[in-house]
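Engineer: here is a sequence with its predicted model. Questions after.
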Amino acid sequence: MHVSPDKEKLIELAHYKMPFGKFKGRYLVDLPEPYLVWFNQKGFPNGKLGMLLRSMYEIKVNGLESLIRRVQKDFRPKKY
């Protein structure tokens with residue numbers, strides 16, 4: 001099975017900001033890894049935010065933050 005990333009979703013992930021809590025307004029890539037680990041242990045929220053946090057958890061655990069930072073630098077999000 002071939003898996004290819006969705007460019008628009010990756011751009012959205014790179015520019016998505018935490019909408020609530022202690023880290024409100026921070027890009028998801030800037031969230032501390034222990035915070036994402038906590039979500040992984042306790043459960044991610046439902047919906048889009050949960051999917052994005054889960055994706056960022058996997059990216060951070062696998063040391064791929066530089067990919068997201070590159071996307072932030074090189075691509076601008078679409079305005080919805």
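Structural biologist: Received, thanks. As the structure is a computational prediction, the values presented were derived from the model and not from experiment.

Engineer: what number of residues lie near the closest residue to residue 29 other than its chain neighbours?
Structural biologist: With sequence-adjacent residues excluded and distances taken as CB to CB, 6 or more residues apart in numbering, residue 29 is closest to residue 68, at 4.5 Å. C-beta here means a position set from N, CA and C on the backbone, and glycine is covered the same way. Look at residue 68: counted by other CB atoms under 10 Å, it has 22 neighbours.

Engineer: contacts for whichever strand or helix holds residue 68 next, please.
Structural biologist: Taking DSSP states H and E as the criterion, residue 68 maps to helix 65-74. Residues outside helix 65-74 that contact it (CB atoms under 8 Å, 6 or more residues apart in numbering): 10-11, 13-15, 27, 29, 56, 59.

Engineer: let's go with 7 Å and repeat that
Structural biologist: Contacts to helix 65-74, defined as CB atoms under 7 Å, 6 or more residues apart in numbering, come from residues 10-11, 13-15, 29, 59.

Engineer: residues contacting the residue positioned nearest the centre of the chain?
Structural biologist: In the chain, the residue lying closest to the centroid (CA atoms, centre = their mean) is residue 56, at 3.7 Å. Applying CB under 7 Å, 6+ apart, we find residue 56 in contact with 13, 28-29, 31, 36.

Engineer: got those residues as TSV, with neighbour count columns?
Structural biologist: Listed next are the contacts of residue 56 as TSV, based on neighbours: other CB atoms under 10 Å:
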residue	neighbour count
13	23
28	22
29	20
31	20
36	20
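
Engineer: just the residues you listed now: which is nearest residue 51?
Structural biologist: residue 13 (9.2 Å; CB to CB).

Engineer: I'd say that closest one and residue 52 touch.
Structural biologist: Yes. Using CB atoms under 7 Å, residue 13 makes contact with residue 52 at a distance of 5.6 Å.

Engineer: joint contacts of the two?
Structural biologist: Common neighbours of residue 13 and residue 52 (CB under 7 Å, 6+ apart) are residue 28.

Engineer: you'd agree residue 57 is up against residue 36?
Structural biologist: Yes. Using CB under 7 Å, residue 57 is in contact with residue 36, at 4.2 Å.
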